[in-house]
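Peer 1: have a look at this fold, sequence not included:
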């Protein structure tokens, strides 16, 4: 009986270590929000779904110009994060009649060109450890 319990304990330990090792978390912060009104919305993407349906979304209030979220249980891979400041707290990014954003936005790696962010500019690898990013609008 002791042998069976020992074997099960060892199996459980190794299995849980393997599962934990494959899943990571990504912390994303916007560090230069211009006001504490509204929230910052964050979306996690892969290349295949970039600017479409995100893998995970999160939002957070703004305190002293900073907003932070954590994406949990993310497997190894290549990702990008997009975010925007929903100043009027209506749950969507607002645009003018010409299609230009009325609210600040950003992406991982802080590369901002004219036009919407591109995956190749915002991508990063999640490998063997958790990642953190400071995003600027």
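Peer 2: Nice, I can see it. Quick caveat: nothing in here was measured; it's all calculated off a predicted structure.

Peer 1: report the separation between the nearest residue to residue 123 once chain neighbours are set aside and residue 97.
Peer 2: Of all residues not flanking residue 123 in the chain, residue 80 sits nearest, at 5.0 Å (C-beta to C-beta, 6 or more residues apart in numbering). Yep, even glycine has a C-beta here, placed from its N, CA and C like the rest. Computed as C-beta to C-beta, to the nearest Å, the residue 80 to residue 97 distance reads 28 Å.

Peer 1: who has more neighbours out of the two?
Peer 2: residue 80 (23 against 5; other C-beta atoms under 10 Å).

Peer 1: which strand or helix spans residue 121?
Peer 2: Using DSSP states H and E, residue 121 maps to helix 119-122.

Peer 1: contacts for stretch 81-97?
Peer 2: 26, 28, 30, 33-35, 37-45, 51, 59, 62, 71, 101-108, 117, 122, 133, 135, 137 (C-beta atoms under 8 Å, 6 or more residues apart in numbering).

Peer 1: from those residues, keep the buried residues only.
Peer 2: With neighbours counted using 16 or more other C-beta atoms under 10 Å, the contacts of stretch 81-97 contain these buried positions: 26, 28, 30, 33, 38-45, 59, 62, 71, 103-108, 117, 122, 133, 135, 137.

Peer 1: among the residues you listed, which are located in helices?
Peer 2: residue 122 (DSSP state H).

Peer 1: so which of the buried ones among the contacts of stretch 81-97 belong to strands?
Peer 2: Mapping the buried ones among the contacts of stretch 81-97 onto strands (DSSP state E) picks out 26, 28, 30, 39-45, 59, 71, 105-107, 133, 135.

Peer 1: isn't residue 27 up against residue 67?
Peer 2: No. Counting by C-beta atoms under 8 Å, residue 27 sits too far from residue 67 to count as a contact (11.6 Å).

Peer 1: more neighbours: these two, which one.
Peer 2: Counted by other C-beta under 10 Å, residue 27 and residue 67 do not tie: residue 67 has more neighbours, with 25 against 14.

Peer 1: how close does the closest residue to that one other than its chain neighbours get to residue 28?
Peer 2: Excluding the flanking residues, the one nearest residue 67 by C-beta to C-beta, 6+ apart is residue 40, at 3.7 Å. According to C-beta to C-beta, residue 40 and residue 28 sit 9 Å apart.
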